[in-house]
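Peer 1: how does the following fold in three dimensions:
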Amino acid sequence: MTERKQFAWEGARPDLTGKVVVVIGGSGGVGEGVVRTLVTDGATVVATGRDLSRLADLVANISTVGGGGRLVTEVLDAAGDGLDDEAARLAERYGPFDGVVISVASWGEQGRKPALSLTDAEWDDLIAGNLTSVFRLLRAFVPHTKKSGIVLQLNGMSADLAFPGGAGIALSAAATKSLTRTIAAELGSRGPRVYQVVLGVVRTRARRAAGIDDLGWLDGEEIGAHIAGLVAATSPLVGIALQYHVEKATGPVAGSDRF
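Peer 2: The predicted model follows:
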């Protein structure tokens, strides 16, 4: 495996050699860091996105980790009519999967807007992009994930907090938090482990390029390190469906089943 930074909260670094992990939204700001770590830790990563040029940029940006042929990219649209067939095609080609990471979000085209000012069309677009898409991805990919594997959604703190100007995003975050926890309970020990990981602010390439940065924010690579531990079943949080990864110093922690 290629060397990488060891985070203070990590135990032994996971060895993902022979594991296949799909990162849906892998060309996004958070997804790029996750892909980088998983490839560095030995996994074969299938990174998906809707834009070929962004997927090409992803390959170029992480070429320095030396993953060779262990990073492949595929165009995938969570809103597409053929999503179930596409998931089956990917599973036939690369799977069954040891992990599926869902890192998707849509701000819509309306910008920041008070909740009661949203039109029906804007509301529908936000729900489709942030809630329905996650449901469809879970439905499509869970059946193709190994019983010993994981399916994990990355979410934001708007799942728990008021988000003025972003009501549709916040509502969808809260709803997908509930959805993933419900599916985890429904599957129990019969299917892959299902996780909801709520994140703090993440340092992304786009934010840094815009001059918006804080060294205290999370890096995508350390989110990837936590996911690697869950895939390898070496993390102490393996049995916890709801998790928070908010602060660098603390690292990932268990959420409460009461809230």
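Peer 1: okay, and the helix or strand of the chain with the least pLDDT?
Peer 2: Ranked by mean pLDDT, DSSP states H and E, the weakest helix or strand in the chain is helix 205-209, scoring a mean of 75.
Peer 1: list the contacts of it.
Peer 2: Helix 205-209 has contacts (Cβ atoms under 8 Å, 6 or more residues apart in numbering) with 29, 32, 61, 213. C-betas here are computed from N, CA, C, even on glycine.
Peer 1: where along the stretch 151-259 of the chain do the helices fall?
Peer 2: 167-187, 205-209, 220-231 (DSSP state H, counting those that start in this stretch).
Peer 1: can I get the ones you listed in JSON lines with mean neighbour count and distance to residue 135?
Peer 2: Listed next are the helices of the stretch 151-259 of the chain as JSON lines, based on neighbours: other Cβ atoms under 10 Å; distance: least, Cβ to Cβ, whole Å:
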{"stretch": "helix 167-187", "mean neighbour count": "19", "distance to residue 135": "6"}
{"stretch": "helix 205-209", "mean neighbour count": "12", "distance to residue 135": "27"}
{"stretch": "helix 220-231", "mean neighbour count": "25", "distance to residue 135": "21"}
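Peer 1: those: which one's closest to residue 53?
Peer 2: Nearest of those to residue 53, taken as Cβ to Cβ: helix 205-209 at 14.6 Å.
Peer 1: for the least confident helix or strand of the chain, what is the distance to the chain centroid?
Peer 2: 19 Å (Cα atoms, centre = their mean, to the nearest Å).
Peer 1: what does stretch 20-34 give?
Peer 2: 7 Å.
Peer 1: may I have that stretch as PDB, with CA atoms only?
Peer 2: Extracted C-alpha coordinates of stretch 20-34, given in PDB (Å, rounded to 0.1, in the frame of the first residue of the first chain):
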ATOM      1  CA  VAL A  20     -14.200  -3.200  -4.100                       C
ATOM      2  CA  VAL A  21     -15.900   0.000  -3.000                       C
ATOM      3  CA  VAL A  22     -18.300   2.200  -5.100                       C
ATOM      4  CA  VAL A  23     -18.100   5.900  -4.300                       C
ATOM      5  CA  ILE A  24     -21.200   7.500  -5.700                       C
ATOM      6  CA  GLY A  25     -20.400  11.200  -6.100                       C
ATOM      7  CA  GLY A  26     -16.700  10.400  -6.200                       C
ATOM      8  CA  SER A  27     -15.900  13.400  -8.300                       C
ATOM      9  CA  GLY A  28     -17.400  15.800  -5.800                       C
ATOM     10  CA  GLY A  29     -15.500  17.800  -3.200                       C
ATOM     11  CA  VAL A  30     -15.900  15.300  -0.400                       C
ATOM     12  CA  GLY A  31     -15.900  12.200  -2.600                       C
ATOM     13  CA  GLU A  32     -12.400  13.000  -4.100                       C
ATOM     14  CA  GLY A  33     -10.800  12.800  -0.600                       C
ATOM     15  CA  VAL A  34     -12.700   9.600   0.200                       C
END
